[in-house]
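[1] Pasted the sequence and its predicted model underneath.
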Amino acid sequence: MPLPYDEKGTLLVADLTEKKTQIKPIPRDIHSKYYLGLGYNTWLLNQKTSPDTDPFGAENIVIISPGLLTGTDAPASSRVEVTTKSPLTDLIGTGNSGGHWGLRLKKAGYDALMIKGASKKPVYLSIQDHKIQFIDAESLWGLDTYETTSQLTKRHGPETSIMTIGPAGERLVRFAAPVFDKQHMPGRCHAGGVLGSKKLKAVLVKGTGTIKLHDPDAFNEAVRESEKRIRSYPGWKARAKAGSMGTIGITDTGVDYDEIVGPYLKRGPQGVYCPCMMESLYGCNLLADVKDGPYSGVDVACAGITLYSGTAERYGISLPAAFHFNELCQRLGMDMFGPFFYAYELSQRGILTEKHLGFKLEYGDEKALMKLLRMVAYREGFGDVLAEGSTRAAQIIGGGAERYIPTVKGLEVMQPDARAALKGNIFTVLSVLTNPRGGDDLKGTHGVSNYPGHASWAIKLGISEEEHSKWLLDWLDMPPDYKKIVFGDPQDTANPDELLITIWYNHLTSVYNSLGFCMFASSVADALGPTYQARIYTAATGVQTKADEIMEAGERIFNLMRLYVNRMGVTSKDDHWSETYYTEPSLAGKELAPAFSKEETQRHLNRYYKLRGWDPETGKPLPETLKRLKIVL
C-alpha cells in the first residue's frame, strides 16, 4: 500500500537491461525526512549516481515520484517530480509536472518508479496495478509525444496516463524532456535524452486501488480549512478571465489583456489539465482555441497564459504562433527554454549567420523559428550543434559565441535577458544563481507576487498600500519571529530582507515539490503555507508535525540538492552569471538593461552563504549545518 499511511513506502525498480522489476521499501526514516517527490528523488540520486556516472550510460537512473500527498484529496496536490543526472549540465536534472499520471501510479500501489539499465530495442513499460510488462515499442519509435499518447490510449483505454518521449529524446537532445498526457512537461529535468538512451519510449500507468489515510475525519477537516483559505485569497478577484499569474485584466497602460487573448481561448471540461481546485481560480482548464490562419486547431493547454505572451514578445511572433511554438516543443519533447533565444542573440550579433543555418534567423519570422525547433529536435544540420545546449554549442561555434552564453551552472536562464528582466530584483537574482539545478527560480521564488511593495492585484482592486501591507502581514503563513526579521521592526512590506525571502521560498518550494502541492496555491497565493501543510500531513500520516518541522524538511531537501551538485564539482564560483552579464549591457540598451554589478552580487552571495551555514569559499554546507539538519550521506 502506498504512502501516506503505510509505515514504509513502495519503490518500483524497472531494470531495462534484464527486463525485470523489483519492489523495494522506502524506509520510514527516509520518507519522514525527505517525503517523496523532489526530496526522495534527490536522496536516491545521491545514493545511485556519482561524478563518474555517464548521463547517457546504462548506469544513470531516472526517478519519477509523485508527491507524498498526491492521489489524496489534499488541495492542489497532483504533482509529480522527474529527476536524473542531467546530460546537459552533469548536475541534478529535476522538474515538476502535473496531470493524472502521479495519482494513477499511487493508485496502482507505488510511491516512486526508478528506471535503470538500458534496452537494446525500443520498449514501453506498462504498469496496470500489479501487472507490469515491458512491451515492444518499435512501431512507436519516431512518433511525437501526441501521436504516441493517442496510440497507447487506444491500445490500453482512456483510464491510463502516459508519459512518453518524443523525437528529441530519441536523438539524445541534451535538454529533451518527457511529456505526461500530452500537456505536461517537466521541462528542466532533461530526462528525455536519458530515457532515449535507454530505449524507453513511454511509461503508461493505470491504478484502481485506494490510498489509505491515518485519520480521514481530521484529514477532511484540514482539507476544508485549506481550500477555504485558498479560495479566500483576494488576488483571485483581480485575475483576468484569461487567468494566469501576473495577469490582471486592464494593465496600468490601459491594455485590456482579456481583449487580446480572449478570442484565442476556451474553457475545457473539469479536470482537463489537473484534477485540481485551481482550475476555476487560476485558469488551468484554459485551452487554445485558434479558429483561423496557419495555426488553426493548435492543441495546447494554456494554464499560465503569460508563458505564451512572453514567448510571443521574445521572438516577435503572434500569440497563435506562440501556442504553436509550445505545441511543437511538447510534441518533439524538449524544453521550450533551450538555446533557441541564444541562437537569436548570436544571429543579431553577427556571430551566427545564414551560412551556419541555411536560412536567416530574424525577429518576427515565425516560419524560421518553427524550422529551427525541428532542426534541433531531429539534429538536422546546424540543429545538431544547438541540440548540445548553449554551453557546448558555443565551443563549437566559436567567434566570440562563448562570451554570450546565457546559462547558470550550464542551464539556460529562462528570461531572454536577465539584466533587463531582473533589474533591481535581488530575491529573484539570488534564487536563480543559487538554484542547485541552475538557470531559473522555479525551485525558489518563482510566482511570488504579493510583495515586496504594493501588489499589482491590490492596485487593481483599489486596495491602498497601507491596507495591502496590513493584509499581507496578517495573511502570510510565516512564524512571527521570522516575519519580524524579514520585514523589520516596525514592519515594512515595501523593503523586506530579500535574501531571507529567497531562503524562505527555497524551503517552501522544496516542501511542496515533495508533498505534491502546486505552486499556484502555495507561493503564488501564499495560501498553502507550512501551517496548513503540516495539518494535512499529520492527519494523512499520523506523524505529528508542526509548521517549523515542515520548513526544516524543506531546508534539508534544498541542502541535499546543494550537496549533490557540490559532489559533481559545483563551488561558490558557479553561483554567478556569465562574465559578460557583468561587463556589458544587454542588446536592449544601456538605460534599460545595464550590466549587473559583480561586487554587489558577490556581497549578497556572501551573506546568503552565511545565513545558510555554507562555506563561502567552497559553497558547501558546513558540517554543523548537516548535523543540525540530520543529513547523512
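    Right, received. Where do you want to start?

[2] Now the nearest residue to Leu461 once chain neighbours are set aside, what are its backbone angles?
    What sits nearest to Leu461 in space, not counting adjacent residues and going by C-beta to C-beta, 6 or more residues apart in numbering, is Ala238, at 5.3 Å. C-beta coordinates here come from the backbone N, C-alpha and C atoms, glycine included. Note on Ala238: its backbone torsions stand at phi -100, psi 0 [degrees, to the nearest 10].

[3] again with Ala458
    phi -70, psi -40.

[4] tell me which element the residue nearest to it when sequence neighbours are not counted is part of?
    Take Ala458 and drop its neighbours on the chain: the residue closest to it by C-beta to C-beta, 6+ apart is His468, 4.1 Å away. Using DSSP states H and E, His468 maps to helix 465-475.

[5] and for that helix, what are the contacting residues?
    234, 450-451, 454-455, 458, 463, 483, 487, 491, 493-494, 526 (C-beta atoms under 8 Å, 6 or more residues apart in numbering).

[6] mind listing what's buried in it?
    468-469, 471-472, 475 (16 or more other C-beta atoms under 10 Å).

[7] how about those residues in CSV, adding pLDDT and distance to Cys276?
    Shown next, in CSV, are the buried residues of helix 465-475 (pLDDT from 0 to 100; distance: C-beta to C-beta, whole Å):
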residue, pLDDT, distance to Cys276
His468, 96, 27
Ser469, 96, 31
Trp471, 97, 25
Leu472, 96, 25
Trp475, 97, 22
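
[8] where along the stretch 101-250 of the chain do the helices fall?
    For the stretch 101-250 of the chain, the helices defined by DSSP state H, counting those that start in this stretch cover 101-107, 145-156, 167-170, 191-197, 216-231.

[9] Using PDB, write out the CA atom coordinates for the fourth one.
    Listed in PDB are the C-alpha atoms of helix 191-197, where the atom choice follows Å, rounded to 0.1, in the frame of the first residue of the first chain:
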ATOM      1  CA  ALA A 191      15.300  13.100 -18.600                       C
ATOM      2  CA  GLY A 192      14.100  12.800 -22.200                       C
ATOM      3  CA  GLY A 193      17.500  12.000 -23.700                       C
ATOM      4  CA  VAL A 194      18.300   9.700 -20.800                       C
ATOM      5  CA  LEU A 195      15.200   7.700 -21.500                       C
ATOM      6  CA  GLY A 196      16.100   7.800 -25.200                       C
ATOM      7  CA  SER A 197      19.500   6.300 -24.400                       C
END
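
[10] Touching that helix from outside, list them.
    With C-beta under 8 Å, 6+ apart as the criterion, helix 191-197 contacts 55-57, 60, 62, 82-85, 87, 93, 95, 115, 118, 165-166, 168-178, 201, 333-334.

[11] Quick one: mean pLDDT for that helix?
    Computed over helix 191-197, the mean pLDDT rounds to 98.

[12] in that helix, what counts as buried?
    Here helix 191-197 shows 191-197 as buried, counting by 16+ other C-beta under 10 Å.

[13] longest single helix anywhere in the chain?
    Longest helix in the chain, counting residues (DSSP state H): helix 547-567.

[14] same for that helix, what does it pack against?
    helix 28-34, helix 37-48, strand 92-97, helix 498-515, helix 530-541, helix 623-628 (3 or more C-beta pairs under 8 Å, 6 or more residues apart in numbering; DSSP states H and E).

[15] What is the three-state secondary structure of Ala58?
    Taking DSSP: H, G, I helix; E, B strand; the rest coil as the rule, one finds Ala58 in the coil state.

[16] Look up how far Lys120 lies from it.
    11 Å (C-beta to C-beta, to the nearest Å).

[17] Then Trp43?
    31 Å.

[18] Need the CA coordinates for the longest helix of the chain. PDB is fine.
    Extracted in PDB, the C-alpha atoms of helix 547-567 (Å, rounded to 0.1, in the frame of the first residue of the first chain):
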ATOM      1  CA  ALA A 547       5.000  24.200  10.700                       C
ATOM      2  CA  ASP A 548       8.600  24.700  11.700                       C
ATOM      3  CA  GLU A 549       9.300  21.000  11.000                       C
ATOM      4  CA  ILE A 550       7.800  21.300   7.600                       C
ATOM      5  CA  MET A 551      10.100  24.200   6.800                       C
ATOM      6  CA  GLU A 552      13.100  22.300   8.300                       C
ATOM      7  CA  ALA A 553      12.300  19.500   5.900                       C
ATOM      8  CA  GLY A 554      12.400  22.000   3.100                       C
ATOM      9  CA  GLU A 555      15.700  23.300   4.300                       C
ATOM     10  CA  ARG A 556      17.000  19.700   4.500                       C
ATOM     11  CA  ILE A 557      15.900  18.900   0.900                       C
ATOM     12  CA  PHE A 558      17.400  22.100  -0.500                       C
ATOM     13  CA  ASN A 559      20.700  21.400   1.200                       C
ATOM     14  CA  LEU A 560      20.700  17.900  -0.100                       C
ATOM     15  CA  MET A 561      20.300  19.200  -3.600                       C
ATOM     16  CA  ARG A 562      23.200  21.500  -3.000                       C
ATOM     17  CA  LEU A 563      25.400  18.700  -1.600                       C
ATOM     18  CA  TYR A 564      24.700  16.700  -4.800                       C
ATOM     19  CA  VAL A 565      25.900  19.400  -7.100                       C
ATOM     20  CA  ASN A 566      28.900  20.000  -4.800                       C
ATOM     21  CA  ARG A 567      29.800  16.400  -5.300                       C
END
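
[19] got the angle for it vs strand 92-97?
    140 degrees (axes from the mean of the first three to the mean of the last three C-alpha atoms, to 10 degrees).

[20] what does the following helix or strand past helix 547-567 contact?
    Per DSSP H and E, the first helix or strand lying C-terminal to helix 547-567 is helix 580-583. Defining contact as C-beta under 8 Å, 6+ apart, one finds that helix 580-583 is touched by 403-404, 418-419, 595-598, 601.

[21] Out of those residues, which sit inside helices?
    Secondary structure from DSSP H places 418-419, 598, 601 of the contacts of helix 580-583 in helices.

[22] What subset of the residues you listed is buried?
    Using 16+ other C-beta under 10 Å, the buried ones in those are 418-419, 601.

[23] one step back: which of Trp43 and Lys120 has more neighbours?
    Trp43 (24 against 8; other C-beta atoms under 10 Å).

[24] continuing past the lowest-mean-pLDDT helix or strand in the chain, what's the next helix or strand?
    Ranked by mean pLDDT, DSSP states H and E, the helix or strand of the chain with the weakest confidence is helix 257-261, at a mean of 68. Note on helix 257-261: by DSSP H and E, the next helix or strand toward the C-terminus is strand 265-267.

[25] Quickly list the domain ranges of the chain.
    Structural domains assigned to the chain are 9-206, 239-337, 426-628, following automatic domain parsing.

[26] Tabulate those domains (JSON lines), appending distance to Pro216.
    As requested, these are exported to JSON lines (distance: least, C-beta to C-beta, whole Å):
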{"stretch": "domain 9-206", "distance to Pro216": "10"}
{"stretch": "domain 239-337", "distance to Pro216": "19"}
{"stretch": "domain 426-628", "distance to Pro216": "8"}
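
[27] residues in contact with stretch 13-30?
    So stretch 13-30 is contacted by 3, 7-12, 36, 40, 43, 58, 110-119, 123, 125, 132, 134, 198-200 (C-beta under 8 Å, 6+ apart).

[28] let me redo that: stretch 354-373
    Contacts of stretch 354-373 (C-beta under 8 Å, 6+ apart): 315-318, 321, 324-325, 328-329, 332, 340, 343-344, 347-348, 352, 375, 381-383, 386, 397.

[29] start to end distance for it?
    16 Å (C-alpha to C-alpha, to the nearest Å).

[30] Buried by neighbour count: which residues of it qualify?
    Neighbour-count burial for stretch 354-373 [16+ other C-beta under 10 Å]: 356-357, 361, 365-366, 368-373.

[31] taking the mean pLDDT, what do you get for that stretch?
    pLDDT averaged over stretch 354-373 gives 96.

[32] Kind regards, and thank you for your time.
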